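A.B. asks: Pasting a predicted model and its sequence here:
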Amino acid sequence: MSIPASNRQDFLAPGVLLSLSTEYTMSATENLAVVRLEQGAPRLWRAGSKTPDTLTEDSAIPENAVFAIAGDAVRLFVRELAPEEARHIAKSLPYLVEEDIADDVDALHFAYQACSDHRYAVACCAESVIDSVQQVFPHCSRLRRWLPEPLLLPWQAGEWTLLFEEDSVLLRIAEYQGTRIEYELLPALLRALPPPESGLIAYGNDRQRALQAIPDELRAMVQWRQGGFGDALLVADIGPATLNLRQGRYAPRLPLQRWWGEWRWVAMAAGAALLLQLGSDLVIGQRLKHENQALRAAIESSYRQANPRGAMVDAEKQLDRQLAEFQSSDVSGAFTPTLAAITSVLAQETGITLANLSFSGRQGQVRVNLLAPDFSAVERLRSAMSQRGYQTTLESSSAAETRVRARLRIEVAS
C-alpha cells in the first residue's frame, strides 16, 4: 500500500525522528499464514493477527501456510559461483562455503536459490534442528515451503526491517540476508554492519525498549510500525522465489498416507472385485480344461475306430489326409465302378488269383497285383479291361515257380 505525503504522520521522541515514509510501497498478503515454534510449541500466525493460534494434531492448517525455520538456527548469505561450480552446486555447495562456517558441513543441511546469472542465495541449518522440529511438529512435513524466518519480514531495497519481540529481535537487512539476535547483542551487530541507505523499519509493541536497543547514530532513520509478527506478515511479499529449505533429503514427498486414507475403501473394493474376478476365471479355466480333455478323448476314440493302428498326433488333420486319398480332385471317375469291372473280368478268367489292390484318388489309378498261370492269362485280363474302356498297363511281370506274378496299372475311366 502507498501512504501519500498529505497523510504522513511525523512525531518526535528525544533525539529520534519517527515517521511513516512517503511513497512506501508494500504488497498486501492478507492470506499469508506462517507456522513457527514458540516456546517449544507450534503456533499459527495469520497475516494481520495480533496473537497466534496454538496448533494441535486436529488443527486445520491453511493450504498456503509456510513453516518458518528460526532465524537464529539458519544462516543466510549470497555467493557468486563460476559456471562450472554452479553446474554441480547441489554436491559442491557445502565445500564452497566450508571456510565461512565453523560447524561441520556434514551435519548441515544446505538449500540454495538462484538470484541472478551467477549469484546464489544460500541457507544452511543443522540437520538436528530440522529433525527436532519434525518431532515437535510432525505436521510440518505437510507444508511444502520451509522458509528462513528473517525472509518473512517485509523488505525493500536500501532498507532494514526489524521485528522486536519479547526476548529477541528478528532482523532482515537484504533480500536474502537476516538473522535473529538477542536484545543485548543487537547494538553491536547494527554498528558492525554498513548503515542502510534509506531507512530502518521497526515493528514492535514496546517502542521505548526497542529504541534503546538501536544505536544513537541509527535512531534518526527509524520508521516505527506498531504491531507484531502478524502485522508484519500483512505487508510481507513472499514470492515463489523465496529461499525454500525443502530441498535434498527434506524435499516434499508424495502424500501417500493421506491418499491412502482418502482412497483406501475404493482400493479395498477394487481389490475385492479383482480377487472375485480372478477366482471366477480360475473356476471357468478348470472347467474348460476338463471339457477339453473329455473332447480330446472323444476325438481319439472316434479316430481309433477309423484307424486303429499308428501314432496319433493331430487326429483331425490325419483323418482328413487319409480321407483325401479316397477323393479325386482331378479325375471325375469313381472307384466303385472300376472295382466292379475288375472283379467281373477276374471272374471270367480261371486260375488268376488277386494278391492285393490299391487305389489312388489323386492319380486316378488302381494298381492290381495278381498271380496267373501264365503270361497269356495276364494279357487276356489286360485286354478285357481295355475293352471295357479302362486304360490298362502292365507295369511288371515275373515268373514265380510255376506261376507268373504281374502288376497292372488301371486308369480310372472319366
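C.D. replies: Thanks, I have the structure now. Numbering: from 1, shown residues only.
A.B. asks: Pairing partners for the helix or strand containing residue 397, with directions?
C.D. replies: Element membership for residue 397, per DSSP states H and E: strand 392-400. Next to strand 392-400 in the sheet, as set by DSSP bridges, lie strand 403-411 (antiparallel).
A.B. asks: Can I get the partner strand as PDB, trimmed to CA atoms?
C.D. replies: Extracted C-alpha coordinates of strand 403-411, given in PDB (Å, rounded to 0.1, in the frame of the first residue of the first chain):
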ATOM      1  CA  ARG A 403       3.100-119.300 -61.900                       C
ATOM      2  CA  VAL A 404       3.500-115.700 -63.100                       C
ATOM      3  CA  ARG A 405       3.400-112.600 -60.800                       C
ATOM      4  CA  ALA A 406       2.200-109.500 -62.500                       C
ATOM      5  CA  ARG A 407       1.300-105.900 -61.700                       C
ATOM      6  CA  LEU A 408      -1.200-103.900 -63.700                       C
ATOM      7  CA  ARG A 409      -2.000-100.200 -63.600                       C
ATOM      8  CA  ILE A 410      -5.600 -99.300 -64.500                       C
ATOM      9  CA  GLU A 411      -6.600 -95.700 -65.200                       C
END
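A.B. asks: Does residue 120 lie in a helix or a strand, and which?
C.D. replies: Counting by DSSP H and E, residue 120 is part of strand 119-126.
A.B. asks: Likewise for residue 310?
C.D. replies: Per DSSP H and E, there is no helix or strand for residue 310.
A.B. asks: what number of residues lie near the residue lying closest to residue 267 once chain neighbours are set aside?
C.D. replies: Nearest residue to residue 267 in three dimensions, chain neighbours excluded: residue 260, at 7.7 Å (CB to CB, 6 or more residues apart in numbering). (Each C-beta comes from the backbone N, C-alpha and C, glycine too.) Neighbour count for residue 260, taken as other CB atoms under 10 Å: 10.
A.B. asks: for residue 246, phi and psi?
C.D. replies: phi -80, psi 80 (degrees, to the nearest 10).
A.B. asks: which of the residues in stretch 46-65 are buried?
C.D. replies: 46, 47, 48, 49, 52, 55, 61, 65 (16 or more other CB atoms under 10 Å).
A.B. asks: Export those to a markdown table and append columns for secondary structure, pLDDT and distance to residue 362.
C.D. replies: Converted to a markdown table, those look like this (DSSP: H, G, I helix; E, B strand; the rest coil; pLDDT from 0 to 100; distance: CB to CB, whole Å):
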| residue | secondary structure | pLDDT | distance to residue 362 |
| --- | --- | --- | --- |
| 46 | strand | 91 | 98 |
| 47 | coil | 90 | 98 |
| 48 | coil | 89 | 102 |
| 49 | coil | 90 | 102 |
| 52 | coil | 92 | 101 |
| 55 | coil | 89 | 94 |
| 61 | coil | 88 | 89 |
| 65 | coil | 90 | 90 |
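A.B. asks: where do the strands sit along the stretch 51-200 of the chain?
C.D. replies: 53-54, 66-69, 74-80, 108-114, 119-126, 146-148, 159-164, 168-174, 177-182, 199-204 (DSSP state E, counting those that start in this stretch).
A.B. asks: could I get these as CSV with distance to residue 361 and mean pLDDT?
C.D. replies: Formatted as CSV, the strands of the stretch 51-200 of the chain follow (distance: least, CB to CB, whole Å; pLDDT from 0 to 100):
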stretch, distance to residue 361, mean pLDDT
strand 53-54, 100, 90
strand 66-69, 92, 93
strand 74-80, 97, 88
strand 108-114, 89, 88
strand 119-126, 92, 89
strand 146-148, 91, 93
strand 159-164, 108, 94
strand 168-174, 104, 93
strand 177-182, 103, 93
strand 199-204, 111, 93
